[in-house]
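K.L.:
pasting a predicted model and its sequence here:
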Amino acid sequence: MEGGGIACSEAARWLRAQFREPPRVALVCGSGLGALAEELTEAKAIDYRDIPHFPRSTVQGHAGRLVVGRLGSAPCAVLQGRFHLYEGHAPSQVVIPIRTMALLGVHTLVLTNAAGSLRPELSPGHLLVIRDHIDLAGLAGRSPLVGPNDDRFGPRFPPMVDAYDPALRRLALALAPKELRARSGVYVGVGGPSYETPAECRYLRRVGAHAVGERGRGLGRGSSKLTQIQPQTSSELPQIQPQTSSELPQIWP
Ligand SMILES: O=P(O)(O)O[C@H]1O[C@H](CO)[C@@H](O)[C@H]1O
Ligand SMILES: Nc1nc2[nH]cnc2c(=O)[nH]1
């Protein structure tokens, strides 16, 4: 199984025959967020294991299903679960669902995930709208873009300024319910599956990250990523003196 052109083309061709209307918007649900699919009307669900070349979901809280229907008036796909390097998938396999969605004609991608807070003012249940990322695995040569370039998915050297669409980010910040205390920040992607040591948390915070998880980004323009902060995280964080909420900037510099 590979993540290059053939696998994604075959998956997209197979999926096109399953749905009356191809999706134009796709939402990837991270751990515990799969219930978003219940918002779809006229929904049809397909297990990942039935889709040619899709890897298997092995993580708790990831149903491993693609649900296609309508969200409001938009034809929409909800992916209940993503693939991570720590499951043993190659970088080229992890991107198969996203590339398949692109071939199906999806123009807007919203990624969600569960992450650990690196800042005392970012608490469980809060929402981080990712404005930029630090991809440690990618920087170390484990980018899914390593290998021959498939021009259908972007250029050989993709620019990463505004990797997350500014208009979608503004929309997410404006529409998020107040109690989620949505703000924008920087996500750092690590390999996992162990959570970070206190020293690693200090390091990641110093390089400018607000939240940490096991990575994942979209393809070029039209993608945005929302991170929900999980209750657990490094044992170091409770030792940090929390600021009062009135001191919090709405958007970090
Ligand atoms: O929401 P997902 O993608 O599952 O991400 C987070 O949740 C899992 C463990 O907490 C890890 O995979 C982490 O990256
Ligand atoms: N790496 C990492 N992933 C997470 N997913 C949810 N919480 C965490 C965390 O603290 N660290």
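P.N.:
Received it, and whenever you're ready, just let me know what you need. Everything numeric here is computed off the predicted structure, so don't read it as measured data. Ligands and ions are numbered 1, 2, ... in the order given.
K.L.:
and the strands in the stretch 151-253 of the chain?
P.N.:
Counting by DSSP state E, counting those that start in this stretch, the stretch 151-253 of the chain has strands at residues 183-189, 211-213, 223-229.
K.L.:
so what strands line up beside the shortest one?
P.N.:
Under the criterion DSSP bridges, strand 211-213 sits next to strand 108-117 (antiparallel), strand 183-189 (parallel) in its sheet.
K.L.:
including mean pLDDT, distance to residue 225 and mean neighbour count, could those strands go into TSV?
P.N.:
No exception for glycine: its C-beta is placed from N, CA and C like everyone else's. Output for these, formatted as TSV (pLDDT from 0 to 100; distance: least, C-beta to C-beta, whole Å; neighbours: other C-beta atoms under 10 Å):
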stretch	mean pLDDT	distance to residue 225	mean neighbour count
strand 108-117	94	4	23
strand 183-189	96	7	22
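K.L.:
as TSV, those with distance to ligand 2 would be great.
P.N.:
TSV is the format used below for the strands paired with strand 211-213 (distance: least, C-beta to the nearest ligand atom, whole Å):
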stretch	distance to ligand 2
strand 108-117	2
strand 183-189	9
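K.L.:
of these, which approaches residue 135 most closely?
P.N.:
strand 183-189 (4.8 Å; C-beta to C-beta).
K.L.:
export the closest one as PDB, just CAs?
P.N.:
Below are the C-alpha coordinates for strand 183-189, written out as PDB (Å, rounded to 0.1, in the frame of the first residue of the first chain):
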ATOM      1  CA  ARG A 183      -7.900  31.900  20.200                       C
ATOM      2  CA  SER A 184      -5.300  31.500  17.600                       C
ATOM      3  CA  GLY A 185      -1.900  29.900  18.200                       C
ATOM      4  CA  VAL A 186       0.900  27.700  17.100                       C
ATOM      5  CA  TYR A 187       0.700  23.800  17.100                       C
ATOM      6  CA  VAL A 188       3.800  21.600  17.300                       C
ATOM      7  CA  GLY A 189       3.600  18.200  15.800                       C
END
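K.L.:
begin at 6 from here
P.N.:
Got it, the first residue is 6 from now on, which makes the last one we talked about strand 188-194.
K.L.:
before we move on, the earlier item: wait, which of the strands of the stretch 156-258 of the chain is closest to residue 180?
P.N.:
Closest of those to residue 180 is strand 228-234, at 11.0 Å (criterion: C-beta to C-beta).
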